[in-house]
Structures are given as structure tokens and as C-alpha cells.
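[1] Quick one: sequence and predicted model below, then my questions.
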Amino acid sequence: ERLVYLILGLIPMLGGRIAMIPMGSDYPPLLLRSLIPNTTTTTETSPSMDMSAFNYYGMRNNNCDDDTGHGGCALKWCEYTPALTLFQFYLGYGISAVSYPFCMAICQGMFSKVIGPRPQGLWMGLLTAVGSLARIVSPIFVSEIYKEFGTYWTFGLCAGSIGLAMVVTLATYGRLVPLETRMARQEGSKKESVKL
């Protein structure tokens, strides 16, 4: 189980996140028309409205009736971060979609065996609660990281967290066996030490 967890679960998950780090040379189209000051003036400005950004960036391309209307990236990091290619996105997504079930099912199975005769309901409930909390908090956290710092940081932190999970798994590899097996090994080593 431990090898399957590493080989079919964590390693592909890490590879999927690394595959989604932008490696191309093309930049995403910007949503803003230009970076030269806009000369358009408006008469309906409220005192609380900050017009400096509007005057600097210009009007947004939101008119889809002519050839100039198209979407794009309105975030500052889009000016210096390459775009994620469709191939990279589908490759990373596909790898993650296949390897995620291995991670979840095997991790829960190993945890259940490691805790042994202890109260299964309590410990499995805690594992599920922590996983659920991560699924609630992570989208908010990742969205903020993406908005402020871009795709390098977003997928880099995701890859780093999976790398940390791999390190912890490797560090505790010997203990990730059923409790009965571990106790039998300890009893066997005690008997051998008594014989000597």
C-alpha cells in the first residue's frame, strides 16, 4: 500500500502540479487596452471613486460588438508571467484526476490500519474533518495567491505541499503498517534480544 500510495498517488500528483507551472514564452492577452493614459473624461465621478487607475489603464475591452471586444487578463502579474498552455493544463489536470483517488483511498485505508484497535470513529472522523477543512479553506487561499502572485506561486505552493506530504510519508514509511504488524515486529525483536 505504501508504495502504491507513493508511486500511483503522490508522485503523479506532484508531476501534475509541476506540469501546470507556465513554461511557454507567450503571454496572456491583457484585458486593458493600453498602458498609456486615457484621455476620456467623465462627469459622473463620485468623491470616493479612485480615477487614477482608470486614467492610467484606460477603458476595459468589454464591447463584444466590434473587433476590439475580447477577454484577457486584468491582473498585474499577467504582464510578466507566461500563459499556461492548453496542453499543460490538460496534462496536469489529467494526471491529477487519475492520481487523486489513489491518494485519498489509500491514505484513508493506511490510516485506518495504522490506528488499529483504537477508536476508529474518532480518528477517522478527525481525518475526514481535516480533509474537509482543507477543501473549504484551500480554494480561498489559492484564489488569493493566484490573484496577487500568479500561476508560478499558485502551482509552486501546491507542488510544495505535495512535496512536503511525500517527505512526511518517506520519514514515517516504517510506521505506516498495520498496528498489529508493528507490534508483532516489536515482540519478535524483544524475543531475539532475550535469546542473545
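    Nice, thanks for sending it over. Numbering: from 1, shown residues only.
[2] and the residue lying closest to L10 once chain neighbours are set aside, how many neighbours?
    Distance criterion Cβ to Cβ, 6 or more residues apart in numbering; nearest residue to L10, sequence neighbours excluded, is M166 at 4.9 Å. Heads up, the C-betas are built off the backbone N, CA and C, glycines and all. For M166, the count of nearby residues is 17 (other Cβ atoms under 10 Å).
[3] Looks like M166 contacts M13 (just checking).
    No. With contact defined as Cβ atoms under 8 Å, M166 does not reach M13; the gap is 9.0 Å.
[4] burial of A165, as a residue count?
    18.
[5] Just the pLDDT for it.
    With respect to pLDDT, A165 has a value of 91.
[6] ditto for M110
    For M110, pLDDT reads 88.
[7] need the contact list for it.
    Residues near M110 by Cβ atoms under 8 Å, 6 or more residues apart in numbering: 1-2, 5, 176.
[8] Which of the helices or strands spans it?
    Counting by DSSP states H and E, the element that carries M110 is helix 86-115.
[9] coming back round to it: so how far is T151 from the residue nearest to L10?
    With distances taken as Cβ to Cβ, to the nearest Å, M166 is found 22 Å from T151.
[10] Spatially central residue in the chain, please.
    C158 (3.5 Å; Cα atoms, centre = their mean).
[11] quick one, what contacts it?
    17, 142.
[12] relative orientation of the helix or strand where it lies and helix 86-115 in degrees?
    Applying DSSP H and E as the criterion places C158 in helix 151-171. Interaxial angle of helix 151-171 relative to helix 86-115 (axes from the mean of the first three to the mean of the last three Cα atoms, to 10 degrees): 30 degrees.
[13] List the buried residues of helix 151-171.
    Residues of helix 151-171 classed as buried by neighbour count (16 or more other Cβ atoms under 10 Å): 151, 153-159, 162, 165-166, 169.
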